[in-house]
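Quick one, structure for this:
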Amino acid sequence: MLEKTKRILVPIGFSEQSLRALDQAIVVAKLIEADLVLISVIESNTFLQRLLNKEHDEEMLKAEALRQLIALIDERQDSGVHMEPMVSRGTVYEEVARACDMLSPELVIMGTNGRPDNFNKKMVGSNAFRVVKHVQEPVITMRTERGFTQVKNIVFPVLLDRKSKEKVGEALHWARVFGAAIRIVAVARDEDERLKLLPHVNQVHDFIVKHNVAVDANIIDANGRSIPIAVVEYCEEIKADLLIIMEDNDESLIRIMGGEVEDVLYNAEVPVMCVTPKPSKYAAGFQVF
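Take a look at the predicted model:
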């Protein structure tokens, strides 16, 4: 695998959401001293194609997309962030994954429209969710205007699952990158579950303290909510800057967050970072549970 480069890949469909994601990517690029690569993917019958009002001429579509990307870069030249344009033809999530294979960026940052409007679209999955499932790099998704100029509080959910604790290394990494505190949260559906969660939460808390990152921990009541919705509402309550959730290639992200993880991407006001965990030097610290 290629060594990570100081690049952030930003899919641009010229929708309002993707332009917000671009402006957020500029903020993140300054925080981590990275360049941006803006990628537009030409698909059939898409917003981009309707926007450009060109139906059949592929080369003309690519040329126009490139022109508009360059215009976006020129408009933001005073940001001090170096940006490069990229145009491809295909399916958004496949082309973003292919670009990640070529560029090996630090992050992907993209906008999402939220929950698909109908059942068929939900089954197919949004582009954001599909990108999360098909790339190894962390993906930050943005559904609303809510962004950040700095990251002070990162929410990290802990479940009754040893694997979820093993992934704390990724949360530690990004907390250090952003200079942020980690806010551990666990959701209990009853008192018995609260008692089971307590030693897991305490172990993760003590582990993070040991590695010199600021942290606090809370076990909150589900009150009839799903785990993802309870976590999303907790983020709003504490005014979190970023929510980190984990995606496994060998196990469904749906399993990791209790069956409704897409609700996080579709409902979160806060930007969401989806991370595919890698073998971690921290994993051995969680073998006792």
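
the helices in the stretch 51-200 of the chain, which residues?
With DSSP state H, counting those that start in this stretch as the criterion, the stretch 51-200 of the chain has helices at 58-75, 92-103, 119-124, 127-134, 162-166, 168-178, 191-210.

Between those, which one is closest to I12.
Of all the helices of the stretch 51-200 of the chain, helix 58-75 sits nearest to I12, with 6.4 Å by C-beta to C-beta. In this view, the C-beta of every residue, glycine as well, is placed from N, C-alpha and C.

before we move on, the earlier item: packed most tightly, which of the helices of the stretch 51-200 of the chain would that be?
helix 127-134 (a mean of 22; mean count of other C-beta atoms under 10 Å).

Tell me what angle it forms with helix 92-103.
50 degrees (axes from the mean of the first three to the mean of the last three C-alpha atoms, to 10 degrees).

and helix 127-134, how far from the chain's centre?
Taking the mean of its C-alpha atoms, helix 127-134 sits 10 Å from the chain's own mean (C-alpha atoms, centre = their mean, to the nearest Å).

Report all helices and strands that it contacts.
Contacts defined by 3 or more C-beta pairs under 8 Å, 6 or more residues apart in numbering; DSSP states H and E place helix 127-134 against helix 92-103, strand 107-111, strand 139-142, helix 262-267.

Confirm for me that R76 is in contact with I26.
Yes - when contacts are counted by C-beta atoms under 8 Å, R76 is listed as touching I26 (6.4 Å).

out of those two, which sits in the more crowded spot?
I26 (19 against 16; other C-beta atoms under 10 Å).

helix/strand/coil for that one?
helix (DSSP: H, G, I helix; E, B strand; the rest coil).

and it, what does it touch?
L36, R76, S79, V81 (C-beta atoms under 8 Å, 6 or more residues apart in numbering).

From E262, how far off is it?
27 Å (C-beta to C-beta, to the nearest Å).

go on, E137?
In terms of C-beta to C-beta, E137 sits 20 Å off from E262.

need the contact list for Q17.
Contacts of Q17 by C-beta under 8 Å, 6+ apart are G111, T112, N113, M142, R143.

Please, which helix or strand holds it?
helix 16-32 (DSSP states H and E).

Okay, now the sheet partners of the next helix-or-strand element following that helix, with direction.
Next helix or strand after helix 16-32 toward the C-terminus (DSSP H and E): strand 35-42. If you go by DSSP bridges, strand 35-42 pairs up with strand 7-11 (parallel), strand 83-89 (parallel).

Can you tell me which of the ones you listed is packed in deepest?
Ranked by mean neighbour count under mean count of other C-beta under 10 Å, these are led by strand 7-11, which reaches a mean of 26.

which other residues reach it?
Counting by C-beta under 8 Å, 6+ apart, 18, 21-22, 25, 28-29, 32, 34-41, 92, 96, 99-100, 103-110, 127, 131, 137 sit against strand 7-11.

can you pull the contacts of D78?
Contacts of D78 (C-beta under 8 Å, 6+ apart): none.

could you measure it against I26, distance?
For D78, the distance to I26 - C-beta to C-beta - is 10 Å.

With H134 instead?
25 Å.

Over to S40?
For S40, the distance to I26 (C-beta to C-beta) stands at 17 Å.

cool, L243 as well?
Between L243 and I26 the computed distance is 21 Å (C-beta to C-beta).

Likewise for D216?
30 Å.

do the same with L61
26 Å.

By mean pLDDT, flag the weakest helix or strand of the protein.
Taking mean pLDDT, DSSP states H and E as the measure, the chain has helix 119-124 as its least confident helix or strand, at a mean of 37.

got a list of what the nearest residue to H134 once chain neighbours are set aside touches?
Spatial nearest neighbour of H134, excluding adjacent residues (C-beta to C-beta, 6 or more residues apart in numbering): A97 at 4.3 Å. Taking C-beta under 8 Å, 6+ apart, we find A97 in contact with V131, H134, V135.

now these as TSV including distance to G13 and pLDDT?
Listed next are these as TSV, based on distance: C-beta to C-beta, whole Å; pLDDT from 0 to 100:
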residue	distance to G13	pLDDT
V131	12	89
H134	17	87
V135	17	90
